[in-house]
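Colleague: Prediction below, plus the sequence it came from.
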There are 2 protein chains.
Amino acid sequence: MPAQGTDHVVMGHGSGGKLTARLIEQTILPALKNPILDVLDDQAMLPLDGGRIAFTTDSYVVTPIFFPGGDIGELAVNGTVNDLAMGGAVPKFLSLALILEEGTPLFDLERVVASVRRAADRAGVVVVTGDTKVVPRGSGDGIFVNTAGIGLVPAGVRLSAQRVSPGDAVILSGQIGDHGVAILASREGLELEGEFSSDTAALHDLVASMLAAHSDIHAMRDPTRGGLAASLVEIATRQKLGIEVDERAIPVDDAVRGACEILGLDPLHVANEGKLVAFVPEVGAEAVLAAMRAHPLGRGAVRIGRVVDTHAGTVVLKTPVGGQRVLDLPFGESLPRIC
Amino acid sequence: MPAQGTDHVVMGHGSGGKLTARLIEQTILPALKNPILDVLDDQAMLPLDGGRIAFTTDSYVVTPIFFPGGDIGELAVNGTVNDLAMGGAVPKFLSLALILEEGTPLFDLERVVASVRRAADRAGVVVVTGDTKVVPRGSGDGIFVNTAGIGLVPAGVRLSAQRVSPGDAVILSGQIGDHGVAILASREGLELEGEFSSDTAALHDLVASMLAAHSDIHAMRDPTRGGLAASLVEIATRQKLGIEVDERAIPVDDAVRGACEILGLDPLHVANEGKLVAFVPEVGAEAVLAAMRAHPLGRGAVRIGRVVDTHAGTVVLKTPVGGQRVLDLPFGESLPRIC
C-alpha cells in the first residue's frame, strides 16, 4: 500500500473495494450523517405526501465511452434505473448532467445523447432536467455523465439490506463478469481471446416480475463496481450476517473466465451492469426463480447460496474442489473506470 | 470563431453564452425532447401523486475549489437549492456525486464534504444519496461535484418563464458580479484592487417571503453562469417578449466594477450565486420589493425594468448617458469554470 493512500486520493478509492468503503465510511458519511442516508441502500427512500419516492445518483466515467455492447450514455440510464429498481421502485424521471472536455468531438456527444434517449425510452423513463459544463483539455476526459433518478415505490414493497435474514436464499440472475471484461478487452493494447459484450440492461421489468411472484423479497443489489463479491460482502458486514455461497453454482462464461485468468482477476470482483442478486425468504425462492427464468433478463437465474446465522460478517465460498474460502474484497484498484 | 467550434467541444460551450445555448438547443435537446424537459425552467416540475415535485441537477467544476466567500461544496448545495427555489419549491432532498482526481488531498475532500453539510443544514435540506468516482491524474481536476435536488411545490405556486407577460416589473435582489469577480481574483496571477467575496447563498427563504407578499409572481431566475444578461436574454428570446432595463438601476459594487473594467468584462455577464431576478405583475411589485428589502438576502432589491410588448425577443438597455443598446450574450468564453 502506497503511503499516499492515507492522505491523498488514489485510484483504489474508486475501486468498489476496501479503500472505497473506507473513504465513504471514514471521510464522507460522518460529515453527512442522517437517518435516510445512513441506510446505505442503492437508493434513498423519501417519504413524500404519504407515498414513497426512491432517489439515487451515479456518475459515469467509463473509458472508453463506446464499448462492445453499449456506451456511457446507455450505461448512465440503465445504471441509475437499476439503482431505483433494486429498491423495488418503478423508475420515472432522470436528470442528465454532462461534464465535457474541451476538444471532444461533437459527434461523440451526439451519439451519447442519442443513446441516452434510446435507453430512456426502452426503460420507460423521461429525462426531465439537465446541465452541461465544459472543462479545459486535460482537466477532464472526453465525456463524464451524471444521472440522478426518481422512482415510485409501490405500496407494500419494502426492499432493503436491513431486511436480509438467516434462511434467505441468495439468487443470482445470470452469468457474471461480462461488463468488466468487455470494457477491459476494448481498451488499447489488450488482446484477449473471444468476443465480449457488456451486459448493460435495465432490470426494473425483471424486478417487477419477481415481486409479482413473491412480494416479500427482502433485498436486491446490482453487482456493479467491485462485482458480486462487493455486493455480498457489503451485506454480510453491514448487517452482521453470514452468507454461504457455492462457487460452482455461479455462472461465468468460459471466455470471460479465460480472460479473467489471463488478467489475474477473480470474476467475482468484475463489474456487471445487467445482473442482480436477490435475498429471498425460502418460502418464496422457487416462485421467484421461476419468474426470473421466464424473463429474458433472468433466463440464467440460479440459487447460489443462503444467508446463515453463523460466521456473522463473513461470506464463505464453497470451492469447486470441496474446500472453503472467505470471500473478500480487493484492497484497492484492479479495474479502473469500469463504469 | 475557431473552425473547431463547429465540430468539437470548445470552452465557450460552457460559457452560458451563445455557444452554450446553441449546444443545448442543437445537440442535446432535440435528442431528449419531451414536454417536461422542453419547458426549460431551472427545474423540472413533476406531477406525482396529485402533488408537484421540482427536480433539478447541476455539476460544479469551479476552480479554485476554495475561494473567498465559499467553496465548491457550499456552491453545490446553494446552487441546486436555488434552482429549486426559482420554481417556488421548498427544497427537501439532495444527492451528492463526487468525481475525484487521483492525488487530491483527502483533507480537501473533508473540507468540501463538511462544507456541504453546513450549507445543507443552513438550507434545511438533507443529502440522502451519493456516489464517488475516481479518475486518474490528468483526467479530472481535483474535485468535481454534482448535486441533484428535490423540492415540494406548494399548491397555488406557479413560477415559470412561460408566464412572463408584458407589464411585469423586473426586480433584482441586489448587486451583481460579486461571485465571478471573487473567483477570478482568487486565481493565480490575477492582482486586482479590492476585497472580493462570493455572494453564494441559498435563496429559498427569500423566495418564500416574496411569495408570501404576492403569491402570483410569474417567474424567477438566479443569474449564475452568463450573468444577469443570460437570464434576461434567455427569457426575452424564448418567450418572444421585449424587456426594457435601466442600466443605472442595476447595482454593482465599485470595486467589482473596477475589476470588470480591468478584465474587460461587462458586469452583466458575470456570474452571481446569491441573487435572483423576478418577473412580477405590476399589481404585486411594490409588495414584493418591500418583502425583499426586509430580508437579509434582498436588502439591495431594486426594480431594474419591465417587460414590454414591443421589440419581441430583445432586451433593450437604457444606458447611463441616455442612449439605448441591445443587451446580448457573449458568443463564447469569457469566464471559464466559474461554477
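Modeller: Sure, I can see it.
Colleague: For A:Pro281, which residues are in contact?
Modeller: When contacts are counted by Cβ atoms under 8 Å, 6 or more residues apart in numbering or on different chains, A:Pro281 touches A:165, A:167-169, A:214, A:216-218. No exception for glycine: its C-beta is placed from N, CA and C like everyone else's.
Colleague: CSV for these, including neighbour count?
Modeller: Formatted as CSV, the contacts of A:Pro281 follow (neighbours: other Cβ atoms under 10 Å in any protein chain shown):
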residue, neighbour count
A:Ser165, 14
A:Gly167, 12
A:Asp168, 25
A:Ala169, 21
A:His214, 19
A:Asp216, 15
A:Ile217, 24
A:His218, 20
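Colleague: Let me know the closest of these to A:Pro68.
Modeller: A:Pro68 has its nearest neighbour among these in A:Ile217, at 31.9 Å by Cβ to Cβ.
Colleague: From B:Glu191, how far off is the residue nearest to the closest one when sequence neighbours are not counted?
Modeller: Distances taken as Cβ to Cβ, 6 or more residues apart in numbering or on different chains place A:Val280 nearest to A:Ile217, at 5.2 Å, with adjacent residues excluded. From A:Val280 across to B:Glu191, the span is 66 Å (Cβ to Cβ, to the nearest Å).
Colleague: Among the two, which residue is more densely surrounded?
Modeller: Shown here are A:Val280 and B:Glu191; by other Cβ atoms under 10 Å in any protein chain shown, A:Val280 has more neighbours (27 against 6).
Colleague: The more buried one bridge partners, please.
Modeller: According to DSSP bridges, the residues that bridge with A:Val280 are A:Ala169.
Colleague: Okay, domains of chain A per the record?
Modeller: As assigned by automatic domain parsing, chain A contains the domains A:34-152, A:161-327.
Colleague: And the shortest one, end to end?
Modeller: Same thing as domain A:34-152. Criterion Cα to Cα, to the nearest Å; first-to-last residue distance in domain A:34-152 is 22 Å.
Colleague: So what's the model's average confidence on that domain?
Modeller: Mean pLDDT, computed over domain A:34-152, is 95.
Colleague: so what's the residue nearest to A:Ile217 up against?
Modeller: Counted by Cβ under 8 Å, 6+ apart, A:Val280 has contacts A:168-169, A:171, A:214, A:217-218, A:288.
Colleague: Equivalent analysis for A:Ile99, please.
Modeller: A:133-135, A:140, A:143-146, B:59, B:61, B:99, B:144.
Colleague: what separates A:His218 from chain B, distance-wise?
Modeller: A:His218 sits 20 Å away from chain B, going by Cβ to the nearest Cβ, to the nearest Å.
Colleague: thinking again about what came up before, can you tell me which of the domains of chain A is most buried?
Modeller: Among the domains of chain A, domain A:34-152 has the highest mean neighbour count (mean count of other Cβ atoms under 10 Å in any protein chain shown), at a mean of 23.
Colleague: quick check, distance from that one to the centre of its chain.
Modeller: Offset of domain A:34-152 from its chain centre (Cα atoms, centre = their mean, to the nearest Å): 13 Å.
Colleague: Output the helix or strand where A:Arg306 lies in PDB with nothing but the alpha carbons.
Modeller: In this structure, A:Arg306 sits in strand A:302-308 according to DSSP states H and E. Output in PDB follows, covering the C-alpha atoms of strand A:302-308 (Å, rounded to 0.1, in the frame of the first residue of the first chain):
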ATOM      1  CA  VAL A 302     -29.700 -19.700 -10.200                       C
ATOM      2  CA  ARG A 303     -29.500 -20.100  -6.500                       C
ATOM      3  CA  ILE A 304     -26.000 -19.500  -5.400                       C
ATOM      4  CA  GLY A 305     -26.300 -19.800  -1.600                       C
ATOM      5  CA  ARG A 306     -28.100 -18.800   1.500                       C
ATOM      6  CA  VAL A 307     -27.900 -16.500   4.500                       C
ATOM      7  CA  VAL A 308     -26.900 -18.200   7.700                       C
END
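Colleague: In its sheet, which strands sit next to that strand, and in what direction?
Modeller: By DSSP bridges, strand A:302-308 pairs with strand A:169-172 (antiparallel), strand A:242-246 (antiparallel).
Colleague: could those go into JSON lines alongside mean pLDDT?
Modeller: Output for these, formatted as JSON lines (pLDDT from 0 to 100):
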{"stretch": "strand A:169-172", "mean pLDDT": "98"}
{"stretch": "strand A:242-246", "mean pLDDT": "98"}
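Colleague: now these in a markdown table, with distance to B:Ile304?
Modeller: A markdown table is the format used below for those (distance: least, Cβ to Cβ, whole Å):
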| stretch | distance to B:Ile304 |
| --- | --- |
| strand A:169-172 | 62 |
| strand A:242-246 | 64 |
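Colleague: Correct me if wrong: A:Gly258 contacts A:Glu193.
Modeller: Yes - judged on Cβ atoms under 8 Å, A:Gly258 makes contact with A:Glu193 at a distance of 6.2 Å.
Colleague: Now for A:Ser165: which residues touch it?
Modeller: Counting by Cβ under 8 Å, 6+ apart, the residues that A:Ser165 touches are A:218, A:241, A:281, A:307.
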